[in-house]
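Chemist: sequence first, predicted model second:
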Amino acid sequence: MPISIPDSELSLSFVRASGPGGQNVNKVSTAVELRFDVAHSPSLPEPVRRRLIALAGNRVTQDGILILTAREHRTQEANRAEARMRLDELIARAEVVPKRRRASRPTLGSKLRRLNDKSQRSSAKKLRGRPSDD
């Protein structure tokens, strides 16, 4: 079951963005900064919270607040949707429990093939040497 974050847990602020926008770029605050308190969110189970903090990396502050910035589009609405979509994707990736790696051993056949290849390479390299005086 996918985790949904209510809008009440999100904080959105709008700032002026560089990039596309023409004359509006200096007048209209279209870039969106989305803040989500990962550390104290009641919507996230503890394992998902830990994986989300690890996945987000340096986008999470020391206080556990995730900050996403969206400024690709020319409108606030599009940038707001972009930021929300990125948050949802990040949470969906954090929901996936990674498989535990089980150590395996090389098979007998793979060991024999490796040793056979080594000996073939060795004999090919021996042929590159100076001819002997025999």
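Modeler: Arrived safely.

Chemist: let me see the ranges of the helices in the chain.
Modeler: Secondary structure of the chain by DSSP state H: the helices cover 46-56, 76-95, 108-126.

Chemist: and the helix or strand of the chain with the lowest mean pLDDT, what's buried?
Modeler: Lowest mean confidence among the helices and strands of the chain (mean pLDDT, DSSP states H and E): strand 10-15, at a mean of 82. The neighbour-count check on strand 10-15 (16 or more other CB atoms under 10 Å) flags L10 as buried. Yep, even glycine has a C-beta here, placed from its N, CA and C like the rest.

Chemist: tell me where the protein is predicted with low confidence.
Modeler: For the chain, residues meeting the criterion pLDDT under 70 lie at 1, 19-26, 134.

Chemist: spatially central, which residue of it would that be?
Modeler: L55 (5.6 Å; CA atoms, centre = their mean).

Chemist: what's the angle between the least confident helix or strand of the chain and helix 76-95?
Modeler: Strand 10-15 and helix 76-95 are oriented at 140 degrees to each other (axes from the mean of the first three to the mean of the last three CA atoms, to 10 degrees).

Chemist: so which elements touch strand 10-15?
Modeler: Applying 3 or more CB pairs under 8 Å, 6 or more residues apart in numbering; DSSP states H and E, we find strand 10-15 packed against strand 31-37, helix 76-95.

Chemist: the same query, at a cut-off of 6 Å, please.
Modeler: strand 31-37 (3 or more CB pairs under 6 Å, 6 or more residues apart in numbering; DSSP states H and E).
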